[in-house]
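Trainee: this one's structure only:
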């Protein structure tokens, strides 16, 4: 009998074990470099992206061993973006998932380097897979594109641009930030196994992931207003106070909830067009929609 | 008639043209992201690493078109390291090659992102080459390793660790920083064309590059003490004042000059073992040894 929570737990545990094995082999000189990387990788995230990648791989018949290195690379890229984003030069956040941010523990200089190191190491993992064949090169290229100047970094840059400059922001700017800053790494989680499975349903999976990414950012904005520090492990109401471009600002809280429902419905409608057992991908949407952290 | 300066100029111009063509195609949203990347890429560097890569490729019969993307990737990696290194959280330098540092023009947040974007884009360039075959995957992997936690970032981390903690530093720590922080990207400049040429002289070229990297850092330390701002375009005596681990501190100025000569001689001795016309690689050593900027 299929149980979403148990499935999620199983996939998360599989990922955590793979990451743990990797970190046990990770020896750096000086040691602080590897320690600061491990600190941020191990700080108790929900592993949304790796779990989504492993689940998509299973649904489309891609062996786990082929996606695990990409799942770790993706989590490293997500983690580096948080480490740099928390820096005083960026979002200036002292807490991440209830623990002091990387720069609060290791200092700003080490945090810059830890972020750089996580990004560089992510591509090292991908390149090792690229010896296997062209599908792996394509998967790596898509991950790289999703993370870069046509993906996450573009979204972060737009986010920074509109900070304290809200009077010039339009809805299309909000959508651009949602699609890129948050959406592109969610897309990568689905696109990598899609490529490795031969891309039969690439367009459906792409649409699913982009919409799920938007849903994820909208619920993040809702939680920034309605959540509490204990559950979220980060400062509450910070985006609002700092005049960031959020869904709440454009749609109001109730409007954002409607947008979230629209996104969730759209995700499920897209999956209707795919002839596979996608129960987990459907329940994943509900989890993101209803999350409280 | 072979003329080193004319050759250097020719290779540098070839690289600059390739980079310029690339930058003309580079469109980002928001525009400031691409502008900040281009600002630091175009700030008049000597293009030591790309020129060395192109020259090595020529000497070993590798077509220029195969190495140019790697040369640009390498220069992007070098540039991102400078952008992040100049941040207040790191070396806190307001000038780079006589122009305001990236963060002085674009702000710290944008500078963090510009650095991340340059690193990410460098691997995007490499991955595009990886579709061609396994040699390109190996060349990309070596570049990645040289840039990462067993290469440049390890050296930067060690550099940071010993800053203001000089009493615990030993000569081996200085050598480690020289080999990794500076040496590994010089190594990459030579290793990439070596791999693409079939690696007949890999060990000699490796030894040449590692020693050249050390020479480069020693002359950098000498210039930090003896150079002037107009020629160097950066603050003079800064490393000394800030208690960084430099060759001068270990060997004194005269001792560092002796070490530099030893490195230069070693570079040339290694090249004696390679049956190719390596005039340019020899003259390159002399140029680094005698540089005034």
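Mentor: Yes, it's here. Worth saying up front: this structure is predicted, and the values here are computed from it rather than measured. Residues are numbered from 1 along each chain as shown, chains lettered A, B, ... in the order given.
Trainee: Next, give phi and psi for the residue in the stretch 101-250 of chain A that chain B sits nearest to.
Mentor: Sorted by distance to chain B under C-beta to the nearest C-beta, the residues of the stretch 101-250 of chain A start with residue A:108, at 3.4 Å. Where C-beta positions appear, they are placed from N, C-alpha and C, glycine not excepted. The phi/psi pair for residue A:108 (degrees, to the nearest 10) reads phi -60, psi -40.
Trainee: can you tell me which residues contact it?
Mentor: Residue A:108 makes contacts with A:87-88, B:89-90, as judged by C-beta atoms under 8 Å, 6 or more residues apart in numbering or on different chains.
Trainee: got these as TSV, with secondary structure, distance to residue A:59 and pLDDT columns?
Mentor: As requested, those are exported to TSV (DSSP: H, G, I helix; E, B strand; the rest coil; distance: C-beta to C-beta, whole Å; pLDDT from 0 to 100):
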residue	secondary structure	distance to residue A:59	pLDDT
A:87	coil	37	96
A:88	coil	42	94
B:89	coil	43	90
B:90	coil	44	90
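Trainee: Farthest pair within the residues you listed?
Mentor: Taking C-beta to C-beta, the two most distant members of the contacts of residue A:108 are A:88 and B:90; they sit 13.0 Å apart.
Trainee: ok, the two, which is more surrounded?
Mentor: Looking at residue A:88 and residue B:90 with other C-beta atoms under 10 Å in any protein chain shown, you find the greater number of neighbours at residue B:90, namely 20 against 16.
Trainee: what does the stretch 151-293 of chain A put close to chain B?
Mentor: Listed as neighbours of chain B in the stretch 151-293 of chain A under the rule C-beta under 8 Å from any C-beta of the partner chain: A:153-154, A:156-158, A:160-161, A:176.
Trainee: change it to 10 Å
Mentor: Taking C-beta under 10 Å from any C-beta of the partner chain as the contact definition, the stretch 151-293 of chain A meets chain B at A:151-163, A:173, A:176, A:180.
Trainee: how far does stretch A:67-80 sit from the chain's center?
Mentor: For stretch A:67-80, the separation from the chain centroid amounts to 9 Å (computed by C-alpha atoms, centre = their mean, to the nearest Å).
Trainee: about what we covered before: identify, from the contacts of residue A:108, the entry nearest to residue A:207.
Mentor: Nearest to residue A:207, judged by C-beta to C-beta, of these is residue A:87 at 34.0 Å.
Trainee: helix or strand for the nearest residue to the closest one once chain neighbours are set aside, which one?
Mentor: Take residue A:87 and drop its neighbours on the chain: the residue closest to it by C-beta to C-beta, 6 or more residues apart in numbering or on different chains is residue A:103, 5.7 Å away. Using DSSP states H and E, residue A:103 falls within helix A:102-106.
Trainee: ok, now residue A:141?
Mentor: When secondary structure is defined by DSSP H and E, residue A:141 falls within helix A:134-147.
Trainee: any low-confidence regions in chain A?
Mentor: Across chain A, the stretches falling below the confidence threshold (pLDDT under 70) are A:229-242.
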